[in-house]
Structure formats: C-alpha cells, structure tokens
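# Starting from these lines, generate the structure:
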Amino acid sequence: MATSSGRLIAGLTSSISSIESRYANPPQSTSLICRNQTSGLLPPIVLRSSRRSRLWIIEAVHPPAKSWDGSNNDGEEGNNKLGKEIGRIGAKAVAGKHDRTIEIVIAAATTTALGVGNRVMYKLALVPLKHYPFFLAQLSTFGYVVVYYSILYFRYRAGIVTKEMLSVPKIPFLIVGVLESLALASGMAAAANLSGPTTTVLSQTFLVWQILFSVLFLGRRYRINQIFGCVLVAFGVIVSVASGSGAAHSIKDAGILWSLLMVFSFLLQGADTVMKEVIFLDSKKRLKGASLDLFVVNSYGSAFQVICVALLLPFLSKLWGIPFNQLPSYLRDGGACFLNIGAKTIGCEGAPLLPVMFVMMNMAYNISLLRLIKISSAVVSSLASTVSVPIAVFCFTLPLPYLGVASSLPTGFVAGTVILVLGMLLYAWTPSSDSHSVIPSPPST
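Residues are numbered from 1 along each chain as shown. I've put the predicted structure just below:
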C-alpha cells in the first residue's frame, strides 16, 4: 500500500497508543485509511469493522530520525555523508603516511647521531685498551648477550614479548649469527693489513651490497634518482675521508687480496642486515600482523654469534697475533687493564669508564639501527650509518679527552660533505608524477 506521496515507510515499530470506542452506523466494508504525511509525522492507521460499529485508531511510534518528505534530499544527504566519510578516510591515510615519514626521519637522525657516538667512543675506548682490542671485542659480544637476554626476560614478564614471538623459527637467527661472525673474522684479518682511511673508503661498498641484496631477496625496485643518490653518498664519504690521507695510495700498497677480503666482509654485513629485514617481514605474517620485538632479534642473533665466535676463536686469536695457548693469559691481562687494577695497568687510564661507555653506546646504536630497519628498510639504515662517517671525522678535529692534540680538518672534507648531502637529498626526492610509489617500500608494522 502506498501513500499519496508514492512511498511506503516500512520497518517501524508500532504500538497502540489509544483505543477509542464509538457507536456509529455499521459500515458496508472494512477499510484502512492512511492519511497523507505532510508534517513529517507518521499518519495514524484507522481500522473499521463491518460487523461492529467500532473504530480502532492505531498510531505508529515516530522514530527519532527525520522522515522522508517526498523529495530526494535523503539520497543527496547519503551521498554527502559518503563523501565526507571517504574524505575523512583519505585525510586519515595521508596523516598516517605523514606521521610514518616523520617517524622514519627521526629514527634515521637518531641512528646517525648514535653512529657518530659509536665511532668516537670506539676510538676513546681503545685508548686504555690499545693493547687489548681483542678483549674489547669479546667483552662487547658476550656483554650484549647478557644485557639483551636480561631485557628480553623482563619484557616477557611484562607481557610485551609473547610466547608466539619466542617461538618464531630459529634458522634465520642462526644465519644472522654465521654472517656476523664471518664478517667479524674477515674484517679483522683485512683491517690488520689496511690503514684506517682505506678501511673507511672500502666500507662504502656496504651500501652497494644493501641495494643488490634488497633487489634479489626482497624484490625491491629503485628509481634512477635513488641509485644515483646512493652513489653520490658513497662518493662523498670517500672524498671526505680520503682527502689528504693518501687512502688511494694505501689501497695500492696493501694489495688486492686484503682489499677484496675487506669488501667481502662488508658483503656479509649487507647480507646480515637484509636478513634481519626478512625476519621482520616473515614474523609479521606468522604473528598475524603483530610486530616482532627488537630484543627477540637482538637476543637470538647475539646468542648464535657467540656460538660461532667461540668456534672460530682459534682463528680469531691468530688474526691478532695471539698464540692460542697464550689466549687465557691475554684475556686475564686485558681484564686487569679493563678494571684498572693490578700491576700491569700502565697506560690503562680511562678504564673502565671509557670501555663501558663504548659498550653502552654501541648497544644503543645497534638497537636504533635495528629499529630503523624494522620501520623502513635496510638501505635507509645503511644511508644513516654512512652519513655518520664524515661527521665522526669532523668530531676528531675537536679537542676530545684522552686523544691529545686534535687533528686538522682535511682539505676536501667540506666538498665531500656537500656531495654527501646532495646524494641524500637526491635519494629522498620523489618525482611528482610518481608520488604514489615510494621505493624502497618499508615493511608494514
């Protein structure tokens, strides 16, 4: 049944508000009268019986929402609401993307700052332990395991780390431990025969390996401006570090073997960081969208690294010129120097403060670097680490304690820094025609 307006409003909950009994002449038929709705109120329904002279008036309960008045405003209003809802969703998506970009920028800046502090503190820590660098390396490795697992335990008790996170497959962490231990062994062997500037210059191949492994294992695609930006960043670091240092001449004198071994070391480190990114991506699927805790990755990775380092201990001790049978006495003397106690503590001034500060700074740097990999990509973390190199070189020109007279700023340092900054800007630049695609695409968290 339709009203004169041509539309039936259904689905209303009706209630009898009043029943009026009237005596009248019996009608000839039963009729249902529904008055036209003109005032926005629901019409009463009048029922007449042919057998009885009674009239029942049933009034429908009016809903709180506004009724249709015969025009098409209802459809227009729905369209307006839909448009507003789409606008809110779009604005929320843009705001989320903007917030994510800010988060990545802040994390990258933090990683760069901690990378500078890590390089500076490593140099300061070697002042009291200059005869015991192998002891410092082992102290850092075993110290990480103790601290990471302690933090992991408390985070598990607090409910931050779940059993599902702890039950993720361990094979990827074993691969991480093998890669890190082999990178440590090959890097130590090469660094013993290469100069400091040469090692820094060759370390820029790390960025190349990052891009290559991201393409091979993560399916990333890079725009030409990003590839060229990475090349400029690496070239800027080379110019900054090699200016006035004779690094190119040092590479030629050192021979191709040790240089290739150092490049191989950074290849392993590049594979290691990409492997960690793969762990985060895979764990997101296994945990149904949940984010794997950083300390799970750090703890398992460090534990497998300790196992691999222990297996390579005879080889690693030989790299530092320490006979394996003299290793216990070397570690004992290194411990005495670290604690700055005993008779053999001449030249150990600054310990244990400087070594402890380095271990803490290095740990904070590793956590920050891993978090940057988690929210962005391995290539972005590599860029942040690379930018810290010339800044650290500049810091060594300042009068730092325990280092004596500050070194002068290299001639080409400013030029190299300008090239590096241009490379970073070129890498971050997104063409307006391709603003919908940001590469490398970070893993969702």
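
# Quick one: low-confidence residue ranges for the chain.
1-98, 192, 195-198, 200, 241, 243-255, 343-344, 405-410, 430-445 (pLDDT under 70).

# any idea how it splits into domains?
1-63, 105-432 (automatic domain parsing).

# Wait, a helix at residue 398?
No - checked against DSSP: H, G, I helix; E, B strand; the rest coil, residue 398 lies outside a helix; its state is coil.

# For residue 120, see how far away it is.
9 Å (CB to CB, to the nearest Å). Placement of C-beta: from N, CA and C, glycine included.

# More neighbours: those two, which one.
Shown here are residue 398 and residue 120; by other CB atoms under 10 Å, residue 120 has more neighbours (20 against 10).

# That one: which element?
For residue 120, the element it lies in under DSSP states H and E is helix 73-125.

# And the next helix or strand past that helix?
helix 133-157.

# Please point out which parts of that following helix sit buried.
When burial is assessed from 16 or more other CB atoms under 10 Å, helix 133-157 yields the following buried residues: 133-141, 143-145, 147-148, 151-152, 155-156.

# how about the strands of this protein, start to end?
Under the criterion DSSP state E, strands of the chain are mapped to 32-34, 44-48, 55-59.

# hey, where'd the helices end up in the stretch 201-350 of the chain?
Counting by DSSP state H, counting those that start in this stretch, the stretch 201-350 of the chain has helices at residues 205-218, 224-242, 247-254, 256-286, 294-311, 313-319, 327-339.

# Of all those, which one is nearest residue 378?
Closest approach to residue 378 among these is made by helix 256-286 (4.4 Å; CB to CB).

# just checking, what packs against the closest one?
Helices and strands touching helix 256-286, by 3 or more CB pairs under 8 Å, 6 or more residues apart in numbering; DSSP states H and E, are helix 171-191, helix 196-202, helix 205-218, helix 294-311, helix 353-375, helix 378-395.

# if you set the cut-off to 7 Å instead, what comes out?
helix 171-191, helix 196-202, helix 205-218, helix 353-375, helix 378-395 (3 or more CB pairs under 7 Å, 6 or more residues apart in numbering; DSSP states H and E).

# hmm, back to that, out of the helices of the stretch 201-350 of the chain, which gets nearest to residue 185?
Relative to residue 185, the nearest member of the helices of the stretch 201-350 of the chain by CB to CB is helix 313-319, separated by 5.9 Å.

# sorry, back to before: could you export the helices of the stretch 201-350 of the chain to CSV, including columns for mean neighbour count and distance to residue 363?
What follows is the helices of the stretch 201-350 of the chain, written out as CSV (neighbours: other CB atoms under 10 Å; distance: least, CB to CB, whole Å):
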stretch, mean neighbour count, distance to residue 363
helix 205-218, 19, 20
helix 224-242, 20, 25
helix 247-254, 16, 30
helix 256-286, 19, 16
helix 294-311, 21, 9
helix 313-319, 15, 21
helix 327-339, 16, 17
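
# That'll do, ta.
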